[in-house]
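Engineer: need coordinates for the following:
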Amino acid sequence: MAKPNDKRWFSDGATMSHPSRLRGFCWLINLVLYALLNMFILRIQTGSELLWKQPEQSPFLVERLLNPVNIFNFPSYIFVTAMFTALLCAIPLCIALFYNLLHAIPFVLLVLFLGHNPPLCLALFVGCALISFEPFRFKSKFIASILAMLPVILYWVLFAGNNPQENALRWAIMYAPWVLAFLITVIFFGVVIGLGHFMRYRPGIMMPVFGLTLAGTVVLFHFTIGMIERDFQADVYAYSPGNIKAFRSQNIMPLLEEELGQRLKERPYLNAQVEMNQLRTEWLWAFNAGPDPSITLLRPGSLSTRELTNFFTASYRAVEHIDAFIARHPNAPRIADALYYRGLLFDLRVDIRTLRDEDTLRYYTTFPSSNSEGIWKQVLNNFDATDMALEARYRLAQLAAATIPAQTDKPFGFNEALSLLQQADTKLQERISSPDFDKPASGWWFEQMPGLFTPPPPTISAVQLRRLEVRIGRLMDLLNKENRSGHEQHDRRLATFIGLDPRQLDYEHQLKILLNESPKPDPLIDNIELAYALLERDPKIKLRRLKELAEQYPRLDGGIQARLEYVQAILERRETEPAESADNWRVELEKIIELRPDLFAARYARKLLPSETIKQTP
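Structural biologist: Residues are numbered from 1 along each chain as shown. Presented below is the predicted three-dimensional model:
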């Protein structure tokens, strides 16, 4: 039996002198609150409150400030992170200071098993052990607690990670959460130790301070960010087509040369040029055929198969994450945005013509497919007042206009498409003319420090809405009465033409078929020739052809569109060739307004033309 004056290698704190029942109850409440703290932090970082295995997240602290919640889009997250970090570090040290090391160990283990943070767990254990040693348990408890923070500070330094910010102020802001966390920890120590000094370190001193601080931080997070927005950023925005690395454009020449080198090394007798052409053909086959195993598995180890597999894997994974968000928050206001990105993923395709002509793997989402039709209908039916519904109307209109009825007695979908386009155009003009159009989200941080903090990017930006306006107008012009004669053959050709995707490999061939089978008269001939002219890659030949079409069909919508394309081509070259494009574009725009004021092209020409030069048209 140990003697009363025997000393353990760690000592007890002042709270251990109070009755064990009250002491144990308060300790247990603090343990429960600390468990909730770890679960809430884990929920923010990973999306789950409980995980039985180590989550797939970066161990570096800087990266956690940019994903899933970006501090430059949500500045309040700086303070949320600082408060949570301060509580995460201060509570075990205070328990070791007021109780002893054995009472602090369960808190440290919670960081390991609930928080899944082994490095911080080790740092806190070392800090708790230091503060439990008699030499470090100074008469000044405040100084002892500050010294016990040294292992934690070392953890912050070692696991900060690479700071990607180039701007000096942004670079400094990346470290602000830990500077604030240290200051908040010091204040927490001061408040708790000060109260303890006056109340003789009773067991219930830390619990209300801890609980109120934790509750206040949770409330701050809820009202400034919210878990729905956190989940949207992590599961929807992060998996939108523009943010997925696998969908970024890339030149495939390095991959072609790498694979060619491997084949020539294995079989030196092969002709390099023939083999390079074969490789290009394999890439075209793979991405043109999609997941057809009869083609994509001809060379399982080829780089084209690998890239195609990455493409479909990334697509499926993105859809799974978006579906998970919709299932978790079925009534959230962000569902329309989630469905919009889901629809884009179903419409995501590879630009095969660019792959063939430029050896560049490029993706696009602008052409709707039948696979996404149900999604756009859901957006339109349930979220009619949103910007996403405008995009849904356009895509549904294009699908309807391109549908050829299976039975001859069934009407084409032109009237339905035109109705959707007119609705979209009316609502879009109201949206563009609204006072808040093209204005960033308001907020003190964004107004006072616009160079440092920016609001979260909108799902559909003002630039995208203006591009949508052009697409809507072009399709409306294409569906005007002069192209819809009511004759079954003419309507079938129009539906076929609208359904052609300019970025696919067979586009030029399909245009040739329409051109060769053109009836006399053909109301669509001007648009077919325009589409053919736009395929020309030589800028000078393209300009000449557009000019010829504008003169050949001066009052038809295809000729008007050719004139508008001619003007836009001139405007693009105005900086490099000012002499050639002096005042021609103004004259051409005035002709568009004069010849066909009823078309969208005339409305668009008015926007391009300075207001003082516009002639009044009857």
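Engineer: so which residues of the stretch 151-300 of the chain form strands?
Structural biologist: Ranges of strands within the stretch 151-300 of the chain are 250-251, based on DSSP state E, counting those that start in this stretch.
Engineer: and the helices in it?
Structural biologist: Using DSSP state H, counting those that start in this stretch, the helices found in the stretch 151-300 of the chain span residues 168-173, 176-198, 206-224, 227-235, 253-266, 272-289, 293-296.
Engineer: the second one: how far from the chain's middle?
Structural biologist: It refers to helix 176-198. 38 Å (CA atoms, centre = their mean, to the nearest Å).
Engineer: do the same with stretch 265-273
Structural biologist: How far stretch 265-273 lies from its chain's middle: 43 Å, per CA atoms, centre = their mean.
Engineer: output it as PDB, nothing but the C-alphas.
Structural biologist: Listed next in PDB are the C-alpha coordinates belonging to stretch 265-273 (Å, rounded to 0.1, in the frame of the first residue of the first chain):
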ATOM      1  CA  LYS A 265      10.300   0.500 -78.300                       C
ATOM      2  CA  GLU A 266       8.500  -2.800 -78.300                       C
ATOM      3  CA  ARG A 267       8.300  -3.000 -82.200                       C
ATOM      4  CA  PRO A 268      11.100  -0.900 -83.800                       C
ATOM      5  CA  TYR A 269      10.100  -2.000 -87.300                       C
ATOM      6  CA  LEU A 270       6.800   0.000 -87.200                       C
ATOM      7  CA  ASN A 271       6.400   3.100 -89.300                       C
ATOM      8  CA  ALA A 272       6.200   6.100 -86.900                       C
ATOM      9  CA  GLN A 273       3.800   8.200 -89.100                       C
END
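Engineer: average pLDDT across that stretch?
Structural biologist: Average pLDDT, stretch 265-273: 88.
Engineer: returning to that earlier point: out of the helices of the stretch 151-300 of the chain, flag the one nearest T408.
Structural biologist: Evaluated over the helices of the stretch 151-300 of the chain, closeness to T408 peaks at helix 272-289, with 32.0 Å, by CB to CB. Yep, even glycine has a C-beta here, placed from its N, CA and C like the rest.
Engineer: all strands of the stretch 301-450 of the chain, in order?
Structural biologist: 349-350, 360-361, 363-364.
Engineer: listing partners with orientation, what would you give for the last one?
Structural biologist: For strand 363-364, the paired strands and their directions (DSSP bridges) read strand 349-350 (antiparallel).
Engineer: report the rounded mean pLDDT for the strand it pairs with.
Structural biologist: Average pLDDT, strand 349-350: 94.
Engineer: please compute how far it lies from its chain's middle.
Structural biologist: With CA atoms, centre = their mean, you get 18 Å for strand 349-350.
Engineer: same check, this time on stretch 595-613
Structural biologist: 35 Å.
Engineer: for it, list every residue counted as buried.
Structural biologist: For stretch 595-613, a neighbour-count test (16 or more other CB atoms under 10 Å) marks 595-596, 599-606, 609 as buried.
Engineer: go ahead and confirm L36 touches L214.
Structural biologist: Yes - using CB atoms under 8 Å, L36 is in contact with L214, at 7.3 Å.
Engineer: hang on, the earlier thing: most tightly surrounded among the strands of the stretch 301-450 of the chain?
Structural biologist: strand 349-350 (a mean of 20; mean count of other CB atoms under 10 Å).
Engineer: contacts for it, please.
Structural biologist: Strand 349-350 is contacted from outside by 287, 311, 361-365, 367, 369, 501, 503-504, using CB atoms under 8 Å, 6 or more residues apart in numbering.
Engineer: and those, which two are furthest apart?
Structural biologist: Longest span within those, CB to CB: L361 and S369, 19.2 Å.
Engineer: go through stretch 535-551 and flag the buried ones.
Structural biologist: In stretch 535-551, counting by 16+ other CB under 10 Å, buried: 542-543, 545-547, 549-550.
Engineer: need those residues in a markdown table (columns: secondary structure).
Structural biologist: As requested, the buried residues of stretch 535-551 are exported to a markdown table (DSSP: H, G, I helix; E, B strand; the rest coil):
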| residue | secondary structure |
| --- | --- |
| K542 | helix |
| L543 | helix |
| R545 | helix |
| L546 | helix |
| K547 | helix |
| L549 | helix |
| A550 | helix |
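Engineer: distance of A605 relative to Q561?
Structural biologist: Distance of A605 to Q561, given as CB to CB, to the nearest Å: 11 Å.
Engineer: separation between E572 and Y239?
Structural biologist: The value you get for E572 to Y239, if CB to CB is used, is 34 Å.
Engineer: out of these two, which sits in the busier spot?
Structural biologist: A count of neighbours by other CB atoms under 10 Å puts Y239 above the other of E572 and Y239, at 23 against 12.
Engineer: would you confirm that the more buried one contacts Y316?
Structural biologist: No - using CB under 8 Å, Y239 is not in contact with Y316, being 10.7 Å away.
Engineer: rewinding a little: closest to K410 out of the buried residues of stretch 535-551?
Structural biologist: For the buried residues of stretch 535-551, the nearest to K410 is L549 (33.8 Å; CB to CB).
Engineer: so who does that closest one touch?
Structural biologist: Counting by CB under 8 Å, 6+ apart, L549 touches 526, 529-530, 533, 558-559, 562.
Engineer: most surrounded residue in those residues?
Structural biologist: When those are compared by neighbour count (other CB under 10 Å), A562 ends up highest, at 28 neighbours.
Engineer: which residue, other than its chain neighbours, is closest to that one?
Structural biologist: Residue nearest to A562 in three dimensions, not counting chain neighbours: L549, with 3.9 Å by CB to CB, 6 or more residues apart in numbering.
Engineer: and if you look at L308?
Structural biologist: Once flanking residues are discounted, L308 sits nearest to A286: 4.9 Å by CB to CB, 6+ apart.
Engineer: against N163, how distant is the one you found?
Structural biologist: Separation of A286 from N163 (CB to CB): 39 Å.
Engineer: more neighbours: the two, which one.
Structural biologist: Higher neighbour count among A286 and N163: A286, with 27 against 16, using other CB under 10 Å.
Engineer: how many residues are close by I244?
Structural biologist: 18.
Engineer: should've said V218
Structural biologist: 16.
Engineer: what's the helix or strand for the nearest residue to Q552 once chain neighbours are set aside?
Structural biologist: What sits nearest to Q552 in space, not counting adjacent residues and going by CB to CB, 6+ apart, is G559, at 6.6 Å. Assigned by DSSP states H and E, G559 falls within helix 557-573.
Engineer: helices or strands up against that helix?
Structural biologist: Secondary-structure packing of helix 557-573 (3 or more CB pairs under 8 Å, 6 or more residues apart in numbering; DSSP states H and E): helix 462-478, helix 525-533, helix 539-552, helix 584-595, helix 600-608.
Engineer: got the CA positions of that helix in CSV?
Structural biologist: Only the C-alpha atoms of helix 557-573 are listed here, as CSV (Å, rounded to 0.1, in the frame of the first residue of the first chain):
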residue,chain,number,x,y,z
ASP,A,557,-32.9,34.6,-91.5
GLY,A,558,-29.9,32.6,-92.6
GLY,A,559,-28.6,35.6,-94.6
ILE,A,560,-29.2,37.9,-91.7
GLN,A,561,-27.4,35.6,-89.3
ALA,A,562,-24.5,35.3,-91.8
ARG,A,563,-24.3,39.1,-91.8
LEU,A,564,-24.3,39.1,-88.0
GLU,A,565,-21.6,36.4,-87.9
TYR,A,566,-19.6,38.5,-90.4
VAL,A,567,-19.8,41.5,-88.1
GLN,A,568,-18.7,39.5,-85.0
ALA,A,569,-15.8,38.1,-86.9
ILE,A,570,-14.7,41.6,-87.9
LEU,A,571,-15.1,42.8,-84.3
GLU,A,572,-12.8,40.0,-83.1
ARG,A,573,-10.2,41.0,-85.6
